[in-house]
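S.K.: What would the 3D arrangement of this be:
(one chain, ligands or ions: 2)
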Amino acid sequence: FPCDVIRNFSVIAHIDHGKSTLSDRLLELTGTITKREKGVNAQVLDKLKVERERGITVKAQTASMIYSFQGTQYLLNLIDTPGHVDFAWEVSRSLAACQGALLLVDATQGVQAQSISVYHIARERGLTIIPVLNKIDLPASQPEVMAAQMHSTFGIDPKDIIHISAKTGKGVDQVLEAILTRIPPPTASSEAPLKAFLFDSSYDRYRGVVSLVSIQDGILRKGDKIASCFTRKKYEIIDIGIMHPEEEPTESLQPGQVGYIACNMKESSEAHIGDTLHRAGAPVDPMPGFKPAKAMVYAGIFPVDSNDFIKLEESIKRLALTDRSVEVTRESSTALGQGCRLGFLGTLHMDVFRQRLEDEYNANVIVTAPTVPYKVVYQDRTVVVSNPTDFPDSIDSGSKVREIQEPVVSASIIVPQEYLGDMMDLCFSHRGENLDHRFLDTSGSASRVMLTCTLPLSEVVTDFFDKLKSRSSGFASFDYEDAGYKPSNLSKMTFLLNGKPVDALALIVHKSAEQEIGRAWVKKLHKVIPRQIFEVPIQAAVGRRIVARETLSAYRADVTAGLYGGHYERKLKHLNNQKESKKRMKRVGNVDLPQEAFYSILKT
Ligand code: GDP
Ligand code: MG
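M.R.: Ligands and ions are numbered 1, 2, ... in the order given. Just a heads-up that it's a prediction; the model follows:
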């Protein structure tokens with residue numbers, strides 16, 4: 001396949017607008033898969049169980065297709081991108097291997113928050129954009145209205161928009177034709193020295209790291225010796241081929257092609273996304289660098305049964321090999337024992353990871369409350385703290401802490417006009433600032449607005465999204481991007497049982513929410529902590545100040561008391577039972593807590 005018959009493209013869209021469905025249709029239409037190979041609802045490119053269950057794409061997948069058009073055979077490389085804000089950086093890096101993108105918009109919903117963000121990423125990368133309106137088979141679709149909206153939002157000429165139904169297949173052939181005629185072929189040369197761009201990697205138990213590369217220049221063959229611009233390490237290609245849609249070995253990858261390589265890379269940390277590979281001994285200028293994945297949310301993960309720690313850590317490490325964007329370190333807690341502290345791109349990413357641990361490794365885990373990375377500014381240095389345990393206990397004149405800063409994001413929300421007021425209230429109640437809005441539709445009665453504001457990341461990672469959806473009857477869409485750090489009035493809140501702090505429950509809270517959060521957690525604790533033989537005060541404290549309190553009344557623990565006159569064995573059994581459950585108890589001060597209590601406290 002010479003370069004001029006190669007097309008590298010991606011489908012970009014807001015979640016649920018039909019990206020996976022369209023990708024499947026393209027694979028079918030090009031004969032890459034047959035209808036029978038495909039389950040009724042299982043999308044071929046959504047491989048993980050969680051992806052199928054939640055209908056989201058977590059990890060980008062790539063597939064090559066061969067298509068004959070007017071007597072010429074074309075090689076089309078489809079690079080699937082994930083469809084959730086948490087994974088925006090994956091979208092960006094997948095697009096680096098493309099020359100064009102299909103911008104897919106649901107004709108019943110119109111332009112949504114992520115349609116806008118992915119459009120901008122594609123524009124910044126200079127890609128040819130093919131606008132597509134999907135779901136025109138639905139009676140509720142309004143292709144003309146939405147085309148006008150795409151014109152006013154993106155300046156797209158309605159004549160360029162292709163109207164399709166990915167479900168029935170209507171219009172999908174026009175999409176294929178547009179890919180061939182509108183997207184430019186990659187500019188690569190077979191004479192120039194080898195230059196391959198590494199844009200994704202996964203881990204295979206037998207072959208080690210398997211990377212996806214796009215060949216910028218030169219030819220890559222099995223047996224070739226290559227080196228990394230970034231690590232300078234050398235490798236030999238042991239396996240090479242294209243994804244069609246599964247791995248299909250080939251002799252070589254030609255200039256402009258996209259495919260997989262396995263090259264004896266043992267550790268997944270050796271495969272740097274955005275790295276440039278070249279022939280050993282013939283270095284080239286690396287491709288422009290990449291923003292590495294940046295963890296935005298941290299949480300501790302502990303086994304429900306402390307004896308399972310070794311097994312859990314092993315499972316976490318294995319799973320992290322398949323997901324390079326997860327950061328893993330060890331953590332230990334007096335209350336929960338040994339565990340791991342993990343960094344995620346967002347809360348959905350965290351939920352997906354936890355679910356995969358449970359599904360694929362049978363793990364039973366307790367996940368602590370998510371924390372964002374804060375900056376603690378001292379006179380002479382700044383420390384990033386992503387665990388409340390490491391946060392200064394008090395921030396007064398004596399503590400040398402000059403300031404606390406928290407990460408903020410610029411958020412955009414798109415809603416029908418009638419919900420604008422509710423959305424503004426929601427943003428204010430989550431400490432939103434710099435609120436602004438503009439109308440997206442220039443005509444029509446049901447006008448939609450885009451609301452933008454600055455929000456603390458910590459507000460976004462809790463229940464913001466759920467509230468947004470429920471207060472807009474599901475109509476609001478939401479997207480955000482990193483906007484740096486801002487000074488903020490934050491402190492550490494600890495929970496005391498009988499005067500002793502429970503480390504695993506510490507939180508970082510804003511001054512304005514101390515009372516509310518303190519009370520809510522104290523109530524929750526009161527509900528799940530078993531009574532002890534003495535009265536236990538449960539308190540929420542900020543520094544030395546108590547902000548909320550409940551009292552757990554005492555309980556007579558002598559379980560043998562009612563058994564006088566009973567059988568000796570019965571009595572013994574009771575005592576043994578008590579011993580057994582003692583083993584699973586965690587002691588905080590002099591209060592006994594079953595590990596399960598933490599599970600129910602932290603679950604919600
Ligand atoms: P993704 O999140 O962008 O990958 O979206 P999916 O491809 O998973 O589609 C989301 C939902 O929309 C699924 O239930 C699809 O069956 C449905 N869908 C996709 N395309 C069409 C279409 O053209 N017509 C109709 N009626 N439904 C569609
Ligand atoms: Mg999908």
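
S.K.: C-terminal to the longest strand seen in the chain, what's the next element?
M.R.: The single longest strand within the chain, with elements called by DSSP state E, is strand 401-416. Using DSSP states H and E, the helix or strand that follows strand 401-416 in sequence is helix 420-429.

S.K.: who does that following helix touch, helix- and strand-wise?
M.R.: strand 401-416, strand 433-439, strand 448-456, helix 465-471 (3 or more C-beta pairs under 8 Å, 6 or more residues apart in numbering; DSSP states H and E). For glycine as for every other residue, the C-beta is placed from the backbone atoms N, C-alpha and C.

S.K.: what does that helix rub up against?
M.R.: 411, 413, 415, 432, 435, 437, 449, 451, 453, 455, 464, 467-468, 471-472, 476 (C-beta atoms under 8 Å, 6 or more residues apart in numbering).

S.K.: I'd like to know how far the closest residue to ligand 2 within the chain sits from ligand 1.
M.R.: For the chain, the residue closest to ligand 2 is S20, as judged by C-beta to the ion, at 3.2 Å. Separation of S20 from ligand 1 (C-beta to the nearest ligand atom, to the nearest Å): 3 Å.

S.K.: how near is that residue to L104?
M.R.: As judged by C-beta to C-beta, to the nearest Å, S20 and L104 stand 10 Å apart.

S.K.: Could you do E313 as well?
M.R.: 41 Å.

S.K.: before we move on, what about F197?
M.R.: 25 Å.

S.K.: picking that back up, I'd like the helices and strands packed on helix 420-429 as a markdown table, with mean neighbour count appended.
M.R.: Output for the helices and strands packed on helix 420-429, formatted as a markdown table (neighbours: other C-beta atoms under 10 Å):
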| stretch | mean neighbour count |
| --- | --- |
| strand 401-416 | 20 |
| strand 433-439 | 12 |
| strand 448-456 | 20 |
| helix 465-471 | 15 |
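
S.K.: how about the ones you listed in JSON lines, adding distance to ligand 2 and mean pLDDT?
M.R.: What follows is these, written out as JSON lines (distance: least, C-beta to the ion, whole Å; pLDDT from 0 to 100):
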{"stretch": "strand 401-416", "distance to ligand 2": "20", "mean pLDDT": "93"}
{"stretch": "strand 433-439", "distance to ligand 2": "29", "mean pLDDT": "93"}
{"stretch": "strand 448-456", "distance to ligand 2": "24", "mean pLDDT": "94"}
{"stretch": "helix 465-471", "distance to ligand 2": "18", "mean pLDDT": "88"}
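
S.K.: so can I have JSON lines of these showing distance to I15?
M.R.: Formatted as JSON lines, the helices and strands packed on helix 420-429 follow (distance: least, C-beta to C-beta, whole Å):
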{"stretch": "strand 401-416", "distance to I15": "13"}
{"stretch": "strand 433-439", "distance to I15": "23"}
{"stretch": "strand 448-456", "distance to I15": "17"}
{"stretch": "helix 465-471", "distance to I15": "12"}
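
S.K.: circling back: more crowded one of F197 and L104?
M.R.: Using other C-beta atoms under 10 Å, the more surrounded residue of F197 and L104 is L104, with 27 against 21.

S.K.: The more buried one against V132, yeah?
M.R.: Yes. L104 is within contact range of V132, at 5.0 Å (criterion: C-beta atoms under 8 Å).
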